[in-house]
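> need a 3D model of the sequence below.
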Amino acid sequence: MDKTLRNSLRLAVTQARRLLEEAIADRLAGEFGIDRTGAIEDAARLANLDPAGHRFRAEIVDYLRHLDALTPGERSRPGGGVAREAVEQLVRAVAFTHLNRLCAFKLMEHPARRLLRETVGRGINSNGFKFYLAEHPEDEAHWTGGRQDIAYQNFLVWQGAQLSSELGALFAADDPANRLFPKQAVLDQVLALINDPALAPVWAEDEAIGWVYQYFTPKELRDQARKESATPRNSYELAFRNQFFTPRYVVEFLVDNTLGRIWYEMLGGETALAERCRYLVPPPPPPPPGGEGSRIKGFLIDYLSLTSGDPATSLLENTHDGTPRYSSGAIALHPGPFQSTGDQLAERSHSPGCGHFDFPGRLASADHGPQCQPANAHPHRDRYLGTDCQSLFQLRRHR
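Sure thing, here's the model as predicted:
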């Protein structure tokens with residue numbers, strides 16, 4: 001993602017944040033009697049709320065008082081209310097959740113992924129919404145009765161519920177965002193920003209959601225917090241002051257110059273990492289042919305083939321505290337050395353499953369559960385296969 005595209009995304013995120021924050025603040029004040037200044041209206045005067053609405057409001061008020069207690073510094077509080085900063089934090093959190101959910105839907109429905117039916121690509125005209133209406137008569141009645149906004153909101157909540165088992169933090173059933181939706185006109189404006197043809201290349205990039213996180217926090221909020229205190233005063237400030245998205249090239253640089261260099265040096269350069277590690281600083285000189293690397297590589301295979309003939313069990317037993325350790329990010333970036341070592345282990349092992357050292361498959365299983373495990377995988381592979389620098393240092397120590 002080049003700088004021009006990132007700047008376009010930054011502008012869209014900034015505009016979406018302002019639209020959503022204004023809409024959420026209006027909803028809190030107009031429907032639940034919670035003003036942006038921190039003033040909280042007497043619940044008895046809110047005749048518009050049904051019992052479920054009163055319960056939800058009570059939960060929101062309790063949460064605001066919790067945030068108020070954690071708000072640092074001297075703050076003014078209206079009688080019976082909370083600090084303005086507590087309400088602003090809630091508004092920003094709900095707006096952030098809505099924007100992240102919409103962007104997540106956009107990423108998942110992208111033609112390169114097709115993880116779900118079109119949900120936000122054409123707003124209320126999205127194909128996924130039409131299928132939903134056909135299967136949910138109550139919301140179809142809302143649609144035909146002129147309440148398209150209610151039907152579409154219910155659809156978005158339902159779609160999130162289908163993903164909550166895997167993305168629980170984003171699509172939690174008890175998240176206040178499920179009740180604090182912006183008006184449909186505002187939602188349409190936000191979707192128009194996300195669906196802008198100029199941003200189409202963004203949604204093909206896995207890094208898109210990271211840049212949305214990076215650009216959401218307004219600069220003035222960060223500057224104000226730093227003006228009031230040289231260090232973060234709570235976890236909320238720590239998040240928006242010090243936590244930034246890490247682009248892939250930075251991750252590759254760190255992995256190349258840690259795990260990649262260790263592996264390269266252990267094998268005397270006889271590894272595909274010599275070409276794959278693009279960010280080694282400085283690039284290592286080419287190794288002499290038939291040098292130390294051949295002996296170390298042979299030792300590595302012997303070492304992992306000890307005990308029961310199951311290299312996975314051996315690897316587990318030789319970690320320093322008896323627990324399996326691996327760096328999934330490192331293996332995902334550089335599966336080559338693990339794969340090549342596994343291929344040679346397969347030739348020497350009598351265990352029927354030990355030849356299937358498919359590390360990307362192992363990662364899929366570890367990340368998404370047993371349903372992703374290949375049928376011919378070794379029964380212990382997904383528990384034990386993988387390594388980190390500690391295991392490599394132990395191999396070096398046994399030389």
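
> could you use CA atoms for every contact and neighbour count after this?
Will do.

> what's the helix or strand harbouring Leu221 packed up against?
Assigned by DSSP states H and E, Leu221 belongs to helix 219-228. Here helix 219-228 touches helix 235-242, going by 3 or more Cα pairs under 8 Å, 6 or more residues apart in numbering; DSSP states H and E.

> now the helix holding Leu221: buried residues?
Of the residues in helix 219-228, Ala225 count as buried by neighbour count, 16 or more other Cα atoms under 10 Å.

> what angle sits between that helix and helix 235-242?
Counting by axes from the mean of the first three to the mean of the last three Cα atoms, to 10 degrees, helix 219-228 lies at 110 degrees to helix 235-242.

> got the CA positions of helix 219-228 in PDB?
Extracted in PDB, the C-alpha atoms of helix 219-228 (Å, rounded to 0.1, in the frame of the first residue of the first chain):
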ATOM      1  CA  LYS A 219      -4.100  13.700  16.500                       C
ATOM      2  CA  GLU A 220      -5.600  16.400  18.800                       C
ATOM      3  CA  LEU A 221      -6.500  13.700  21.400                       C
ATOM      4  CA  ARG A 222      -3.000  12.400  21.400                       C
ATOM      5  CA  ASP A 223      -1.500  15.900  21.600                       C
ATOM      6  CA  GLN A 224      -3.800  16.800  24.500                       C
ATOM      7  CA  ALA A 225      -2.900  13.700  26.500                       C
ATOM      8  CA  ARG A 226       0.800  14.300  26.000                       C
ATOM      9  CA  LYS A 227       0.300  17.900  27.100                       C
ATOM     10  CA  GLU A 228      -1.400  16.900  30.300                       C
END
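
> for the chain, what are the low-confidence residue spans?
282-399 (pLDDT under 70).

> how is it divided into domains?
3-242, 248-397 (automatic domain parsing).

> doesn't Arg36 lie inside a strand?
No - in this structure, Arg36 is coil, not part of a strand, as judged by DSSP: H, G, I helix; E, B strand; the rest coil.

> surely it and Ala29 touch.
Yes - with contacts counted by Cα atoms under 8 Å, Arg36 reaches Ala29, the gap being 7.1 Å.

> which one of those two is surrounded by more residues?
Using other Cα atoms under 10 Å as the criterion, Arg36 and Ala29 rank with Arg36 on top: 21 against 17.

> who's in contact with that one?
Ala25, Ala29, Arg84, Val87, Glu88 (Cα atoms under 8 Å, 6 or more residues apart in numbering).

> which of those fall within helices?
Those of the contacts of Arg36 mapping onto helices are Ala25, Ala29, Arg84, Val87, Glu88, per DSSP state H.

> so which of the residues you listed wins on neighbours?
Counting neighbours by other Cα under 10 Å, Val87 comes out on top of the ones in helices among the contacts of Arg36 with 26 neighbours.
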